[in-house]
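Participant: quick one: sequence and predicted model below, then my questions.
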Amino acid sequence: MILGIDTSSALTSVAVVDGDLVVAEGGHLDPRRHAEVIGPLLADVVGRIDRGDVTSVACGVGPGPYTGLRVGIASALALGAAWGVPVLGVCSLDAVAAAELAEHPGSPVTVAVDARRSEVYWARYDGSGLRVEGPRVGPADGVPADVVGRHPTGAWVAWRVQALLAAGAVPPSGEVPLDAHGEDSGATANALAGATLLPPRPLYLRRPDAVASS
Amino acid sequence: MTALTTRRFAVPTAASMRELGSAVGRACSGGDVIVLTGELGAGKTTFTQGVAQGLGIDEAVTSPTFVIARVHRHASGGHDLVHVDAYRLGSALELDDLDLEADLDTSVVVVEWGGGLAEHLSPTLLDVDIDRSDHEDDEERTVTLAARGTGWSARLGDDAAWPT
Amino acid sequence: MTTDAPVVLGIETSCDETGIGIVRGHELLANEIASSVDEHARFGGVVPEVASRAHLEAIEPALGRACATAGMRLDDVDAIAVTAGPGLVGALLVGVATAKALSVALGVPVYGVNHLASHVVVDELQHGPLPDPTVGLLVSGGHSSLLLVADDVSTITPLGQTLDDAAGEAFDKVARLLGLPFPGGPWIDRIAREGDPRAIAFPRGLSGPGDRDRYPYDFSFSGLKTAVARWVRAKEAAGEPVPVADVAASVQEAIVDVLTARLVAACVEKGVGTAVIGGGVAANSRLRTMAEERCAAAGISLRVPRPDLCTDNGAMVAALGSRLVRDGVPPSPLDFVTTSNLPVTRRSW
């Protein structure tokens, strides 16, 4: 069984999956209350399983609004540390694409989520669900997105991890180039393309807003 | 009533700075953004304390520097005050990114060090420039209020609203 | 759980230090700190987003180090305590999310605690139980507060606070005026040793007629900053060199004079025999010296925790959590909120 968490959108979502089954699931839609609701959601979901059955914790690593995103990743890291199980990340947009593909098999899709400042985070997938471009951040009007604003869920994040592990993907060593985590979106976005497990670190795609003083 | 785009004041003391801020606070409406310019120690916090007073906010307005932005709630339904220190923000200020616990449409936002960063935030913007370059030896400041957009221009033109 | 000596893990992420502490009762077992201050130095101050990112990078390794230092596993922890405010909201959330998930995963209670109260209670780890009552002076980059801690540390009454800039912020901003690096406090402390504290009579905030009655225990450092700016500019305008050491010493003297005078006045007027100083500015050497002299003269016993317990750390959070467990205070609900303006009167959520 895999416990999945995603907080990269307004939805705080926690689920436990086992094969095709969703064993337990909970969610709360509110863009500003991830850190409040994550506690009761986790308590409810964990209360409905035998925690000894959880073999790994999956978390969506964005991209998405940073404050909420960090809540899910911090929670996943804590669960992994407490239970002694690996914490595996996947691009949250991959979870959206996988959900879309399940409804429309074989269709290529471009997924976008709001990144504020009139920009979106987006990624493009082929008909097999493989990410062929992105994740990137850019002006909303420049992205021909098919899917806008669908929330990644803990269940889909867990299923992505389950599928990748089944396909022989190895947990990342943590040596993903730092660029991917906030220094530059262009240079590394494509390096992350494809079916990969990621370390449990946010895909920020933007630098912090601050200037070095002279 | 003549529409003015600027109004200039000689402000001799901290108390009169607070009084001028208070007049601005009384003239404010929801969604207003005030951009404060002036060197360290010019009196930006004092001015903002006056704005809070004018809005009818009781709680103490302390420096937002440490937390970047602080929300001061109006106790009885008036406009909240959002007090921002943009000194360490590098690019155009996006209030959304500050994750403020406030409704910005009904709040008044005061941004210190906001020149060049905050102008896009509101169509009714008031620039407040606090200058003490002519007053090395005393507390006197020259404060210039400059309206951007018609909203503040009309309010600046109302002579009765301003200290003489 | 052993309620007389519970093992409590404390998490602190309210500003730029990621702190994990473990205590048993009021015995300190581990106090791991990862600081992002070097990353902030180039920005001239703490940048919230930079701090939040650093917390998330640092927190899990710090958890591991703290357990190793304490020689225990997370399973051995009886309760989790975490700073719920006041502080930078985005930074606080990293610690709060970690704490809530640990609480669920381990099946132990979680306490969302008050940062300011932690700064006072931490002294129990070094000097034993606090006498009742105690006056606490908290001085840091974000806070300047005088607190009356009474009823066996269960009632915290704010006596006063800064009306504008915090003391640490005053140090930082004066350092900026003098062209010194961030954080300014340690630089001013160091350079002041070469200067004359009586060289320039900078103003003491709220010492005017009537201020003592209206603001008996409050602080104001904004006027000091203005006075320093004016003094430095006048020197420069006259083409004279700015005696940086004398300015630093005189500014430090003005800040420390006000802080210690208010602290002693609060103790004397409230009939309190013990004072505790906490927060990063407690590391200032002149503050320690003057507070010792003035407290001794007034017959007040002064307690200042060692520097690593004064600055933000996880042990102080664990210390307060341990106190709450031993006092039988109910844990916080799992949906407790995080806030930048947590009122100091509440120890926990």
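Facilitator: Okay, I see it.

Participant: contacts, neighbours, all on C-alpha from now
Facilitator: Noted.

Participant: list the buried residues in the least confident helix or strand in chain B by mean pLDDT.
Facilitator: Ranked by mean pLDDT, DSSP states H and E, the weakest helix or strand in chain B is strand B:69-72, scoring a mean of 84. Within strand B:69-72, the residues that qualify as buried are B:69-72, counting by 16 or more other C-alpha atoms under 10 Å in any protein chain shown.

Participant: same question for stretch C:125-136.
Facilitator: C:125, C:130-131, C:133-136.

Participant: distance between the ends of it?
Facilitator: End-to-end distance of stretch C:125-136: 16 Å, with C-alpha to C-alpha, to the nearest Å as the criterion.

Participant: list the contacts for residue 84?
Facilitator: Picked chain A for this. For residue A:84, no residue meets the contact criterion (C-alpha atoms under 8 Å, 6 or more residues apart in numbering or on different chains).

Participant: sorry, I should have been clearer: chain B.
Facilitator: By C-alpha under 8 Å, 6+ apart, residue B:84 lies in contact with B:64-65, B:68-70, B:109-112.

Participant: can you rerun that using 10 Å?
Facilitator: Applying C-alpha atoms under 10 Å, 6 or more residues apart in numbering or on different chains to residue B:84 gives the contacts B:35-36, B:63-65, B:67-71, B:93, B:95, B:98, B:109-114.

Participant: surely residue C:94 touches residue A:67?
Facilitator: Yes: here residue C:94 lies in contact with residue A:67, judged by C-alpha atoms under 10 Å, at a distance of 8.5 Å.

Participant: out of those two, which sits in the busier spot?
Facilitator: More neighbours surround residue C:94 than the other of residue C:94 and residue A:67, with 31 against 26 (other C-alpha atoms under 10 Å in any protein chain shown).

Participant: sorry, back to before: keep only those of the buried residues of stretch C:125-136 that are in strands.
Facilitator: C:134-136 (DSSP state E).

Participant: against residue C:182, how distant is the closest residue to residue C:95 other than its chain neighbours?
Facilitator: The shortest distance from residue C:95 to any non-neighbouring residue, by C-alpha to C-alpha, 6 or more residues apart in numbering or on different chains, is to residue C:13 (5.5 Å). Distance, residue C:13 to residue C:182, by C-alpha to C-alpha: 20 Å.

Participant: looking at these two, which is more packed in?
Facilitator: The neighbour comparison of residue C:13 against residue C:182 (other C-alpha under 10 Å) goes to residue C:13, with 33 against 23.

Participant: what sits against the more buried one?
Facilitator: Neighbours of residue C:13 in contact, by C-alpha under 10 Å, 6+ apart: C:19-20, C:51-52, C:54-56, C:59, C:82-85, C:87-96, C:115, C:312-314.

Participant: those residues in strands, which ones?
Facilitator: C:19-20, C:82-85.

Participant: I'd like those residues laid out as a markdown table, including neighbour count, distance to residue A:127 and pLDDT.
Facilitator: Output for these, formatted as a markdown table (neighbours: other C-alpha atoms under 10 Å in any protein chain shown; distance: C-alpha to C-alpha, whole Å; pLDDT from 0 to 100):
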| residue | neighbour count | distance to residue A:127 | pLDDT |
| --- | --- | --- | --- |
| C:19 | 29 | 46 | 98 |
| C:20 | 33 | 46 | 98 |
| C:82 | 33 | 46 | 97 |
| C:83 | 32 | 47 | 95 |
| C:84 | 29 | 46 | 92 |
| C:85 | 27 | 48 | 85 |
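
Participant: in chain A, which spans are helices?
Facilitator: Along chain A, counting by DSSP state H, helices occupy A:34-47, A:66-83, A:92-103, A:154-166, A:185-189.

Participant: again, but for chain C
Facilitator: Secondary structure of chain C (DSSP H): helices located at C:37-41, C:48-70, C:89-106, C:115-121, C:123-127, C:167-177, C:184-192, C:211-214, C:222-237, C:244-270, C:285-297, C:307-310, C:314-326.

Participant: just checking, what packs against the fifth one?
Facilitator: Helices and strands in packing contact with helix C:123-127 are listed as strand C:27-35, strand C:274-278, strand C:301-303, helix C:307-310, helix C:314-326; criterion 3 or more C-alpha pairs under 10 Å, 6 or more residues apart in numbering or on different chains; DSSP states H and E.

Participant: OK, contacts around residue C:133?
Facilitator: Here residue C:133 is in contact with C:148-153, C:155-156, C:267, C:270-275 (C-alpha under 10 Å, 6+ apart).

Participant: just the buried members of these?
Facilitator: C:148-150, C:153, C:155-156, C:267, C:272-275.

Participant: show me where the chain has strands.
Facilitator: In the absence of a named chain, chain A is used. According to DSSP E, the strands that chain A contains are A:2-6, A:11-18, A:21-29, A:56-60, A:87-90, A:109-114, A:119-125, A:131-139, A:147-148.

Participant: try chain B instead
Facilitator: B:6-11, B:33-37, B:69-72, B:81-85, B:108-112, B:125-131, B:141-148.

Participant: is chain C within reach of the longest one?
Facilitator: No: with C-alpha under 10 Å from any C-alpha of the partner chain as the measure, strand B:141-148 is seen stopping short of chain C, the closest distance being 12.1 Å.

Participant: contact partners for residue C:148?
Facilitator: Counting by C-alpha under 10 Å, 6+ apart, residue C:148 touches C:132-137, C:155-160, C:266-267, C:270, C:272, C:275, C:345.

Participant: if we go to 6 Å?
Facilitator: Taking C-alpha atoms under 6 Å, 6 or more residues apart in numbering or on different chains, we find residue C:148 in contact with C:135, C:156-157.

Participant: what do you get for residue C:91?
Facilitator: By C-alpha under 6 Å, 6+ apart, the neighbours of residue C:91 are C:13-14, C:52.

Participant: give me whichever of the helices and strands packed on helix C:123-127 is most buried.
Facilitator: For the helices and strands packed on helix C:123-127, the largest average neighbour count (mean count of other C-alpha atoms under 10 Å in any protein chain shown) is found in helix C:314-326, namely a mean of 30.

Participant: ok and it relative to strand C:27-35, angle-wise?
Facilitator: If you take axes from the mean of the first three to the mean of the last three C-alpha atoms, to 10 degrees, helix C:314-326 sits at 140 degrees to strand C:27-35.

Participant: show me the contact partners of helix C:314-326.
Facilitator: Against helix C:314-326 from outside (C-alpha under 6 Å, 6+ apart): C:3-4, C:8-12, C:19-21, C:25, C:31, C:81, C:118, C:121-122.

Participant: quick one: buried residues of the longest helix seen in chain B?
Facilitator: Across chain B, the longest stretch assigned as helix under DSSP H is helix B:14-27. Within helix B:14-27, the residues scored as buried using 16+ other C-alpha under 10 Å are B:14, B:16-27.

Participant: okay, these in a markdown table with distance to chain A and pLDDT next?
Facilitator: Output for the buried residues of helix B:14-27, formatted as a markdown table (distance: C-alpha to the nearest C-alpha, whole Å; pLDDT from 0 to 100):
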| residue | distance to chain A | pLDDT |
| --- | --- | --- |
| B:14 | 29 | 87 |
| B:16 | 33 | 94 |
| B:17 | 29 | 94 |
| B:18 | 30 | 94 |
| B:19 | 33 | 95 |
| B:20 | 32 | 96 |
| B:21 | 29 | 96 |
| B:22 | 31 | 96 |
| B:23 | 33 | 96 |
| B:24 | 29 | 96 |
| B:25 | 29 | 96 |
| B:26 | 31 | 95 |
| B:27 | 30 | 94 |
